[in-house]
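Asks: Any chance you could fold what I've pasted below:
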Amino acid sequence: MQQSLIRVRIRGIYATALTKIALDEGFQIVQPSRIIAERFKLPDLKLPADVTIKTNDRDPNEVLVIGYEGKADRVLSALQRHLKYSFYWVSPLALHSTIKVLVIRRDENTCIVDAGGIEAELLATNCRENEQLVASVVRPGVKPYEKPRLVPGARIIGDYAIVYEAAEKPRVTVSEHVRNTAKKAELVALASIATSKGLSVHWRSSSQFADEETLRKHLEELIRSLERIKHEAEHGDAGKQYSKGELVALARLSSVDKEYLDRVRDEVTPTIRLHHSVKSNLPSFSAIVDYAEKLKQRGVSEDALVEALTDTIMEHYRQKHRIKILHIKPSAEIIELGNARLKNIYRDRDSIIMILERIIHSKGVYDGLNIEKEPGDRIITEINTKEWVIRHTYYSANGELKGVYININTPPELTEEGIMYLDLEIDVIKNPQGETQIIDQDLLDQIFRKGIITAAMYEKALEEAKRLASQK
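Replies: Sure, this is the predicted structure:
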């Protein structure tokens, strides 16, 4: 049986490359921006999207995938086939879904509940331990440290609207993307069909493209479905999902996958290497990239343009002297390793090589190496933006070698303040006698099992660790 066509809306700084991937995968592009419609000669379809792919407003290094269960996961799988070297975080609960939960305990103004094996917060003040309640998901908890959040009452989502049980007084809200005043007034008036029954309505952005009769029928159908769902949930088992919602996923893009997107975009419109990396992390150089791509269109060598861009970026770093090192964990935690002094920076073709130095001011133990940390110790860090490792060499205050820690990570990416990379957990250590050891492979195995990294990323990390461990 042929699967139905999936309608995808794409926005953000990766839109051209992602549109090319989506079309190649057989998805239908709806509500394209003017530029995307022109580049791909697409019809301006105003159909509601099943799935939206867009740059995360909070962090341009992340791509958000959100859409109906059963469709968004197919889109996500397609992205993972193309973008193999990024982190992926997927919500354990579907946004706007209805679930019957079991109260575990009361915690200040929230109730901690079991939502089908997932511990979540229920925003309610009157709950009792072991009580079963019908609730709906308002924050799915995408990143590992985020706890899902629910509110009391059933909820249902459709192409044009979301209808849900009102906590107190029924509300009507309209997507910020609906800017036509007359359309807003029409939507608010239509919502009375629901509010008269004590239900709240949120009109989605696609509602601006539908006529009044279509919206009326849609809303009436959602109300009937919500009444059925509410009845089933109230009389059903705890831990069960009673209405479908939206899968929410985030892809934290690596420099390698951004380079892949550069190549894909170049098939559509002239694009130089580092395009997406600069657009996401070095906005002060964005105009230079735009100018370079106009020169490429006129026949100037891309290699020469990238080398000139790289030289210009290095001048930016030489003026800083201090470089931040941002270490992105699979848990989504961002660890700043501290400001390092820039001892040297140079270019090898289009890769940048940095030598950094940090002076230790406190006592302790170096993680991984399990050796004493002492004031006056020096750490020399060697970074190559084309390599999958960062080498940290530890010296005592008198220059004696204490050990080497080789971090396995995606090739470092440049930011306005320093460098950034995705940490792959597994590492290699070397003692002063030159003996090497792979550490934390179990952590690499764990993030692979959780689906945070792809098989390709797992194999690459393991390959790098084994290669380094075999070196004398």
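
Asks: and the gap between Leu95 and Lys54?
Replies: 15 Å (CB to CB, to the nearest Å). Glycine gets a C-beta too; all of them are placed from N, C-alpha and C.

Asks: Neighbour count for those two, which is higher?
Replies: Between Leu95 and Lys54, Leu95 has the larger neighbour count (other CB atoms under 10 Å), namely 23 against 18.

Asks: Quick one: residues contacting the more buried one.
Replies: 66, 137-140, 245-248 (CB atoms under 8 Å, 6 or more residues apart in numbering).

Asks: got a winner among the residues you listed for most neighbours?
Replies: Neighbour max across the contacts of Leu95 (other CB under 10 Å) = Val137, 28 neighbours.

Asks: Show me what the strand or helix carrying that one is packed against.
Replies: Secondary structure assignment for Val137, by DSSP states H and E: strand 132-139. Where contact means 3 or more CB pairs under 8 Å, 6 or more residues apart in numbering; DSSP states H and E, strand 132-139 is packed against strand 98-107, strand 119-122, strand 149-152, helix 212-234.

Asks: Can you say which of those is nearest to Ile426?
Replies: Ranking the helices and strands packed on strand 132-139 by proximity to Ile426 (CB to CB) places strand 119-122 first, at 28.8 Å.

Asks: who does that closest one touch, helix- and strand-wise?
Replies: strand 98-107, strand 110-114, strand 132-139, strand 149-152.

Asks: mind listing what's buried in that strand?
Replies: Using 16 or more other CB atoms under 10 Å as the burial criterion, the residues of strand 119-122 that qualify are 120-122.

Asks: Sheet partners, orientation included, of it?
Replies: strand 110-114 (antiparallel), strand 149-152 (parallel) (DSSP bridges).

Asks: Export those as a markdown table, with columns for distance to Met420.
Replies: Formatted as a markdown table, the strands paired with strand 119-122 follow (distance: least, CB to CB, whole Å):
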| stretch | distance to Met420 |
| --- | --- |
| strand 110-114 | 34 |
| strand 149-152 | 29 |
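
Asks: right, and those strands - which one's nearest Ala166?
Replies: strand 149-152 (10.3 Å).

Asks: Quick check: mean pLDDT of the closest one?
Replies: Averaged across strand 149-152, the pLDDT comes to 96.

Asks: mind checking the backbone torsions on the residue of the chain most remote from its centre?
Replies: Seen from the C-alpha centroid of the chain, the residue lying at the greatest distance (CA atoms, centre = their mean) is Asn398, 44.1 Å away. When read as degrees, to the nearest 10, the backbone of Asn398 gives phi -90, psi 10.

Asks: quick revisit: to Met457, which of the helices and strands packed on strand 119-122 lies closest?
Replies: Closest to Met457 of the helices and strands packed on strand 119-122 is strand 132-139 (CB to CB; 27.6 Å).

Asks: got the contact list for the strand holding Val137?
Replies: In contact with strand 132-139 (CB under 8 Å, 6+ apart) are residues 93-103, 113, 115, 120, 122-124, 127, 146, 148-155, 164, 230, 233-234, 238, 242-243, 245.

Asks: Whichever of these end up buried, select them in PyMOL.
Replies: Here is the PyMOL command that selects the buried residues among the contacts of strand 132-139 (16+ other CB under 10 Å):
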select buried, resi 93+94+95+96+97+98+99+100+101+102+103+113+115+120+122+124+127+148+149+150+151+152+153+154+155+164+230+233+238+242+243+245
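
Asks: right, so of the strands paired with strand 119-122, which gets closest to Ala308?
Replies: Going by CB to CB, the one of the strands paired with strand 119-122 nearest Ala308 is strand 149-152, 48.6 Å.

Asks: Give the partner strands of the helix or strand that the closest one is followed by in its sheet and their orientations.
Replies: As assigned by DSSP H and E, the chain's next helix or strand after strand 149-152 is strand 155-157. Strand 155-157 sits in its sheet next to strand 161-165 (antiparallel), going by DSSP bridges.

Asks: pLDDT (mean, whole number) over the strand it pairs with?
Replies: Strand 161-165 comes out at a mean pLDDT of 97.

Asks: Flag every buried residue along that strand.
Replies: Within strand 161-165, the residues scored as buried using 16+ other CB under 10 Å are 161-165.

Asks: Where do the domain boundaries of this protein fall?
Replies: For the chain, automatic domain parsing gives the domain ranges 1-94+245-283, 98-244, 320-470.

Asks: starting at the chain centroid, how far to the last one?
Replies: What it means is domain 320-470. Chain-centre distance of domain 320-470: 23 Å, with CA atoms, centre = their mean, to the nearest Å.

Asks: Starting from Tyr242, give me the distance back to Ile156.
Replies: Relative to Tyr242, Ile156 is positioned 10 Å away (CB to CB).

Asks: what does Thr16 give?
Replies: 40 Å.

Asks: same check, this time on Glu25
Replies: Applying CB to CB to Glu25 and Tyr242 gives a distance of 31 Å.

Asks: Likewise for Asn130?
Replies: If you go by CB to CB, the gap between Asn130 and Tyr242 works out to 20 Å.

Asks: SS state for Ser331?
Replies: coil (DSSP: H, G, I helix; E, B strand; the rest coil).

Asks: what does Val278 give?
Replies: Criterion first, three-state DSSP; result for Val278: helix.

Asks: I figured it hits Asp290, correct?
Replies: No - between Val278 and Asp290 there is no contact under CB atoms under 8 Å: 9.7 Å.

Asks: who's more crowded, these two?
Replies: Val278 (26 against 13).
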